[in-house]
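Asker: sequence-free structure coming up:
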C-alpha cells in the first residue's frame, strides 16, 4: 500500500529547505478523494498549517483550459493579463469567515498565501486583479441547490474566484 506523502512530512520539509520556500500546494486525485488539493505553510521549515480541499468536479478545469492565457508583457490592453509582480486585492465574503472556527483560521492562511508584499497605500490604477473568497453555509441551502452546484454534503462551501480588473479610465488615458 502506498504511503500518503503527508503521513511523513520529511519530504515536504526537505523540499522546503532546498528551495527556501514556506508555502506549498499538492494536488491529487484518487478513487476515494477525487480532485483533492492540500495547501500548507511552514515556519522555520516546520509545518504550521495544512488544509485539505475537495474541488467541485463541475467547476474543475484541466490544464488544457489554460493554454490561451494572455501575455502580461503585451502592449495591447485586450491581450494583457496581470503582471508577474502585480498585487491582487483579496476579498472575503460571507459570515462564515467571522463565525466558523475553521474559516477564521483559513482567512489569515489565504491572506498569507496570496498577498505577497503588503502595501499601506497603492494606486487604484495599478490594481489589475482581485481574488474573492465566498463562504456559503450549505446547511441553509435547499437540497435542490446543493445538487445543482454538485455538493450533497452540508457544512461550509468556499468559492474561490479570480477576476481580472480592467479600468475604463486606463484605456481613456492610454
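Answerer: Ah, there it is. Just so it is clear, the model here is predicted, and its values are computed rather than measured. Numbers count the residues shown, from 1 in each chain.
Asker: after the top helix by length along the chain, next one along is what?
Answerer: Assignment by DSSP state H gives helix 101-115 as the longest helix of the chain. For helix 101-115, the succeeding helix or strand toward the C-terminus, using DSSP states H and E, is strand 129-137.
Asker: show me the shaky parts of this protein.
Answerer: Applying pLDDT under 70 to the chain flags residues 1-6, 60-61, 63, 65-85, 116-118, 141, 145-155, 167-174.
Asker: recalculate using a threshold of 90.
Answerer: Applying pLDDT under 90 to the chain picks out residues 1-17, 20-22, 25-38, 43-49, 51-91, 94-104, 107-108, 111-131, 135-174.
Asker: quick one: the helices in it?
Answerer: Assigned by DSSP H, the helices in the chain fall at 10-19, 96-99, 101-115, 143-149, 168-173.
Asker: circling back: which elements pack onto the longest helix of the chain?
Answerer: strand 36-43, strand 46-54, strand 89-93, helix 96-99, strand 129-137, strand 156-164 (3 or more Cβ pairs under 8 Å, 6 or more residues apart in numbering; DSSP states H and E). The C-beta positions use only the backbone N, C-alpha and C, and glycine is treated the same way.
Asker: could you tell me the angle between it and strand 156-164?
Answerer: 20 degrees (axes from the mean of the first three to the mean of the last three Cα atoms, to 10 degrees).
Asker: tell me which residues in helix 101-115 are buried?
Answerer: Within helix 101-115, the residues scored as buried using 16 or more other Cβ atoms under 10 Å are 103, 106-107, 109-110, 113.
Asker: now do stretch 86-102
Answerer: In stretch 86-102, counting by 16+ other Cβ under 10 Å, buried: 87-88, 92, 94, 96-97, 100.
Asker: tabulate the helices and strands packed on helix 101-115 (a markdown table), appending distance to residue 18.
Answerer: Converted to a markdown table, those look like this (distance: least, Cβ to Cβ, whole Å):
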| stretch | distance to residue 18 |
| --- | --- |
| strand 36-43 | 12 |
| strand 46-54 | 15 |
| strand 89-93 | 29 |
| helix 96-99 | 34 |
| strand 129-137 | 28 |
| strand 156-164 | 29 |
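Asker: of all the ones you listed, which lies closest to residue 21?
Answerer: strand 36-43 (8.1 Å; Cβ to Cβ).
Asker: each with direction, which strands does that closest one pair with?
Answerer: Strand 36-43 has the following strand partners under DSSP bridges: strand 23-28 (antiparallel), strand 46-54 (antiparallel).
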